[in-house]
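# got a structure for you, letters missing:
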C-alpha cells in the first residue's frame, strides 16, 4: 500500500503536466514559434524547485527509530506469498539471479501491453466506433484511463498485501489476456460501455504492476538495497516504452496498408498483447523464493529507498 500511494503520484502526474504544458505553449506561442522551448525551460525550473524541496526535506530515519507506541507485527508470509525468508542481497548480487530476470520479463510484458494501448487510446476508440465517439469524448476516455491507472496503483498494491505479489501478478496476466482478446469483440458488437470498462480494468492493472513490483522485489531480496534493485529493474519499463507503442503502431499501419478497415486494424494487435501477457504469466509462475541463508547488508550505506 505504501509503494502504491507513492507511485500513484507518478501515474497522476500527466493529469497536471499535460494541461500545464499545453497552457504554457499557448502562452509563449506568439513569442517563440510554438512555444515549446520556453515551455520546457519553465517546466524544468518548476520540476527543479519541487525536487530540491524533496532533497532538503526527505530523510532516512535514524537507526532504530519507530513510531511511538508501534509494535511490529510478526511476518505471516501471506503478503509476500511466502517469498520472504529473511535473506537480503545487494543490487549487484540481485541482478545475477534468475529471479531478478524473471521479474524483469514480468514487468516488461505488463508494461508493453499497457503502454501500447495508452498511447493509442484516443484514435483507437474513435476508429473502432466511427461517428459515435467525438474527439472530445475520446479525450475524456484518455482521462478516465489515467484515473484507472492511478486507482490501480493503490488498489492492486494494497490487495497484494493480503493475497501476495505472485497471485496479484497472475491475476494481471490471466485477466488481462482475456480482456485483450475480448476487446475486438466489443468493438464489432458496437458496445462502447463494455469497451470502456474493459480498458479501465486493463489500465488499472498496468498501474498496479508498477506499484506492486517494489514490494515483490523486497519479498525476494530484502529491504537493504531494494531502491537500487528497483532502479535496475526499471530498464524493463524503458524497453517496454519502445516495444509497446511500436507493436501497436506498426501492426496497425501494416493492416491498414493491406486493406484492413481502421475499425478492425487493432484486432491482431490485441491478440499479440494477449500472447505477451501469457508469457508474463509463465514467467511469474516459475519465480521461486531465494534459498540462501540470512546475510547482512549494511542498510546505512545502501541507497535510500524513495519510490
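Perfect, thanks for sending it. The shown structure was predicted, so the numbers you read here are calculated from the model rather than taken from an experiment.
# give me the low-pLDDT residue ranges for this structure?
11-12, 14, 31-33, 73-87, 291-307 (pLDDT under 70).
# same thing but at 50, please
Along the chain, segments meeting pLDDT under 50 span 75-82, 293-307.
# that one: helices as residue ranges?
2-28, 36-57, 91-94, 98-119, 121-128, 135-163, 165-189, 192-221, 226-233, 235-257, 267-285 (DSSP state H).
# nearest to residue 63, out of those?
Closest approach to residue 63 among these (C-beta to C-beta): helix 226-233, 17.2 Å. C-betas here are computed from N, CA, C, even on glycine.
# check the offset of the closest one from the chain's centre.
Taking C-alpha atoms, centre = their mean, to the nearest Å, one finds the center of helix 226-233 at 15 Å from the center of the full chain.
# packing partners for it?
helix 91-94, helix 98-119, helix 192-221 (3 or more C-beta pairs under 8 Å, 6 or more residues apart in numbering; DSSP states H and E).
# make JSON lines out of the ones you listed and add distance to residue 162 and mean neighbour count.
Shown next, in JSON lines, are the helices and strands packed on helix 226-233 (distance: least, C-beta to C-beta, whole Å; neighbours: other C-beta atoms under 10 Å):
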{"stretch": "helix 91-94", "distance to residue 162": "26", "mean neighbour count": "18"}
{"stretch": "helix 98-119", "distance to residue 162": "20", "mean neighbour count": "23"}
{"stretch": "helix 192-221", "distance to residue 162": "12", "mean neighbour count": "23"}
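# show me the domain layout of the chain.
4-54, 87-289 (automatic domain parsing).
# need these in TSV (columns: distance to residue 71).
Conversion of the domains of the chain to TSV gives the following (distance: least, C-beta to C-beta, whole Å):
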stretch	distance to residue 71
domain 4-54	22
domain 87-289	18
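# give me whichever of the ones you listed is most buried.
domain 87-289 (a mean of 19; mean count of other C-beta atoms under 10 Å).
# between the domains of the chain, which one is closest to residue 70.
Nearest to residue 70 among the domains of the chain is domain 87-289 (16.9 Å), distances taken as C-beta to C-beta.
# chain center to the closest one: distance?
The gap between where domain 87-289 is centred and where its chain is centred comes out at 7 Å by C-alpha atoms, centre = their mean.
# returning to that earlier point: make JSON lines out of the helices of the chain and add distance to residue 63.
Listed next are the helices of the chain as JSON lines, based on distance: least, C-beta to C-beta, whole Å:
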{"stretch": "helix 2-28", "distance to residue 63": "20"}
{"stretch": "helix 36-57", "distance to residue 63": "20"}
{"stretch": "helix 91-94", "distance to residue 63": "21"}
{"stretch": "helix 98-119", "distance to residue 63": "28"}
{"stretch": "helix 121-128", "distance to residue 63": "47"}
{"stretch": "helix 135-163", "distance to residue 63": "26"}
{"stretch": "helix 165-189", "distance to residue 63": "28"}
{"stretch": "helix 192-221", "distance to residue 63": "19"}
{"stretch": "helix 226-233", "distance to residue 63": "17"}
{"stretch": "helix 235-257", "distance to residue 63": "31"}
{"stretch": "helix 267-285", "distance to residue 63": "35"}
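# to residue 66, which of those lies closest?
Across the helices of the chain, closest to residue 66 is helix 2-28 (C-beta to C-beta), at 14.9 Å.
# and that closest one, what does it pack against?
By 3+ C-beta pairs under 8 Å, 6+ apart, helix 2-28 packs against helix 36-57, helix 135-163, helix 192-221.
# could those go into CSV alongside distance to residue 113?
Converted to CSV, those look like this (distance: least, C-beta to C-beta, whole Å):
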stretch, distance to residue 113
helix 36-57, 29
helix 135-163, 13
helix 192-221, 7
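# which of those sits closest to residue 97?
helix 192-221 (8.1 Å).
# who does that closest one touch, helix- and strand-wise?
Applying 3+ C-beta pairs under 8 Å, 6+ apart, one finds that helix 192-221 contacts helix 2-28, helix 91-94, helix 98-119, helix 121-128, helix 135-163, helix 165-189, helix 226-233.
# want to throw these into CSV with distance to residue 70?
Listed next are these as CSV, based on distance: least, C-beta to C-beta, whole Å:
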stretch, distance to residue 70
helix 2-28, 14
helix 91-94, 29
helix 98-119, 30
helix 121-128, 43
helix 135-163, 17
helix 165-189, 24
helix 226-233, 21
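# quick one: residue 94 from residue 202, how far?
Distance, residue 94 to residue 202, by C-beta to C-beta, to the nearest Å: 30 Å.
# typed the wrong thing, it's residue 152
From residue 152 across to residue 202, the span is 9 Å (C-beta to C-beta).
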